[in-house]
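>>> Next input, structure requested:
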Amino acid sequence: MRLKHGMKLATAVVACSLALTACTSATPGGTTSGATGETGTAAKKLRMGVTFPILDQWLQKLADGMKAKADSLGIELTIVSAEEKADVQLSQVENFVSQGFDAILVIPQDTDASGPITEAAQSANIPLIYVAKNPAERPATVPYIGSDSIVAGTMQMEALAKLAGGKGNVAILQGDPAQETARDRTQGCKDVIAKNPGMKVIKEQAGNWYRDKGQSIMENWLQSGDQIDVVCANNDEMALGAINAIKAANKKLGAGGILVGGVDATSDALASMEAGDLAVTIFQDAVGQGNAAIEAAVKLTKGEKVDEITFVPYQLVTPENMKDFQ
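This is a model prediction of the structure:
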């Protein structure tokens, strides 16, 4: 879900006057959002903090969904980015705690090291929700709202296998191995390949969600001379990087060439699909996850029960239905 080459969000603070309007920042410092009451003397609003690993194209959609929902409910929302640093994210959560926020939402940078974050929130009796990336150490008392990552990899590879006729050499572009999203999407891809005797994985490497890394990895794979028929990428950005490399090598994309699939159904991915380059992608509902996360946080602040896990469904996107997602 990463975005490079000018698409990655600037880290400069977005200046705004909270007295006049609300805004959301992609910086570690963050800003707040939430409309004031008409008289300016409304009852105390809920204050919630959200920390993202980074704000790339898809995660910014998630942030926007949260912001819109928070604004509609009159919630003051602070959004910060950890700039891909787990220690920074922990510090941000600790800041939320020290400021006495009513709820904390976390999209974890490292899903294998979320224990200190959970402890910080629970020690202060502040409701905590994990969103989009499910931590390995998440207690049952801490809700997770997102999508089932293994389903994305399975759905993606099933479509690619069908297009490839159940045959061919597969290369897997993995996201950040420290995140369950990457591991589960990769496993979903491998599970489908295992069910197709005519297919096998010949290449696998982590591109950490970035387009430029996906491109450089694909360039090296093509230079090796090994036959690659399918590229199963954990996200659209790496898929688009692979497509750039394939084009630069003057190799054919699609049927009779190299089939490339991604995940997220970003605007760039849909444009690539419309151009006939990207074979399939998977729509991950950022707005749906954002809405559900804020709604769950509100319930927790009221002492209401929230399901331990809430899965927001994925949807397969192909050239036949891509107009529904543009």
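>>> can you map out the strands along the stretch 51-200 of the chain?
Taking DSSP state E, counting those that start in this stretch as the test, the strands found in the stretch 51-200 of the chain are 76-81, 103-106, 128-131, 144-146, 167-174, 198-206.
>>> Would you mind telling me which of those is nearest Ala275?
With C-beta to C-beta as the criterion, Ala275 lies closest to strand 167-174 of these, at 19.7 Å. Where you see a C-beta, it was placed from the backbone N, CA and C, and this is true even at glycine.
>>> Just the mean pLDDT for the closest one, thanks.
Averaged across strand 167-174, pLDDT comes to 98.
>>> again with stretch 276-293
What stretch 276-293 shows for mean pLDDT is 96.
>>> Columns mean neighbour count on top of the strands of the stretch 51-200 of the chain, output as JSON lines?
As requested, the strands of the stretch 51-200 of the chain are exported to JSON lines (neighbours: other C-beta atoms under 10 Å):
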{"stretch": "strand 76-81", "mean neighbour count": "26"}
{"stretch": "strand 103-106", "mean neighbour count": "26"}
{"stretch": "strand 128-131", "mean neighbour count": "25"}
{"stretch": "strand 144-146", "mean neighbour count": "23"}
{"stretch": "strand 167-174", "mean neighbour count": "22"}
{"stretch": "strand 198-206", "mean neighbour count": "16"}
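>>> Ser216 is nearest to which of those?
strand 198-206 (9.9 Å).
>>> Return the distance of the closest one from the chain's centre.
Relative to its parent chain, strand 198-206 has a centroid offset of 23 Å by C-alpha atoms, centre = their mean, to the nearest Å.
>>> Who are the packing partners of that strand?
Packing partners of strand 198-206 (3 or more C-beta pairs under 8 Å, 6 or more residues apart in numbering; DSSP states H and E): strand 167-174, helix 180-194.
>>> quick check: angle from the first one to strand 198-206?
Yep, that's strand 167-174 we're talking about. Per axes from the mean of the first three to the mean of the last three C-alpha atoms, to 10 degrees, the angle that strand 167-174 makes with strand 198-206 is 20 degrees.
>>> elements contacting the helix or strand hosting Ala239?
Per DSSP states H and E: Ala239 is located in helix 236-248. The elements that helix 236-248 packs onto, with contact taken as 3+ C-beta pairs under 8 Å, 6+ apart, are strand 167-174, helix 211-223, strand 230-233, strand 259-261, helix 267-274.
>>> so which of the helices and strands packed on strand 198-206 comes closest to Ala121?
Closest to Ala121 of the helices and strands packed on strand 198-206, according to C-beta to C-beta: helix 180-194, at 19.5 Å.
>>> Buried residues, the closest one. List them.
Glu180, Thr181, Ala182, Arg183, Asp184, Arg185, Thr186, Gly188, Cys189, Lys190, Val192, Ile193 (16 or more other C-beta atoms under 10 Å).
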